[in-house]
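>>> Quick check, what structure comes out for this input:
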Amino acid sequence: MAPADEPFDFEAFLLSIGKLNYTWTNTESMLIHLIAGLSGMDKEIATVLFLTLNTTRARIDMVERLAKLDRTDRDERDRVLQITKRIKEQSTLRNRYNHCIYAFDDQGGNPRSILMRIADRKDRLKMGQAFDLDVAAAQDVETAIAEIGLINRDIWRTIRDFGYPA
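Prediction:
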């Protein structure tokens, strides 16, 4: 990304968000293999289950619950849970830019992302959390893309090491 003294390139940022989405979707689909391997089902049945669970959270929960079964070897469980932990860590940033609207400054300043989520608190609502889009935000996206790529490779290694359906 650009040094801090260079202007923020919103168009390049949007291209990075596209790359983040591609990388995320590709890696999330790898959960199919983890579901198949941990449950003892074939990839076709695991795919149906994966597609039936229509949120990332539900898919990760499924993988984690299968890994926590007593029949799962400790090394296998630890590796899978480490992978799902890393996926969840990356989901915060991914959600920030996939479930937002973009607001633009009428004075020409950097745009902001505004989350499209309502958080119910005890006695009030919290909504519209805003994040500045700047060189640091763009670098966070690039870092996330790289980490998701590493997670993808670790999932493939796990599939191979434990003989999961590929």
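>>> pLDDT weak spots in this structure?
Low-confidence segments of the chain (pLDDT under 70): 1-6, 108.
>>> Which stretches in it count as strands?
100-103, 112-115, 118-120, 125-127, 130-132 (DSSP state E).
>>> Buried ones in the fourth one, by neighbour count?
Under the neighbour-count criterion of 16 or more other Cβ atoms under 10 Å, strand 125-127 has nothing buried. The way it works is simple: take the backbone N, C-alpha and C, and place the C-beta from them, glycine included.
>>> helices or strands next to that strand in the packing?
strand 118-120 (3 or more Cβ pairs under 8 Å, 6 or more residues apart in numbering; DSSP states H and E).
>>> What strands line up against the strand it packs on, and which way round?
Sheet pairing for strand 118-120, assigned by DSSP bridges, gives strand 125-127 (antiparallel).
>>> Quick check: which of the strands of the chain is buried the most?
Greatest average neighbour count among these goes to strand 112-115 (a mean of 18), per mean count of other Cβ atoms under 10 Å.
>>> other SSEs contacting that strand?
Short answer (3+ Cβ pairs under 8 Å, 6+ apart): strand 112-115 packs on helix 74-98, strand 100-103, strand 130-132.
>>> residue farthest from the centroid of the protein?
residue 107 (33.4 Å; Cα atoms, centre = their mean).
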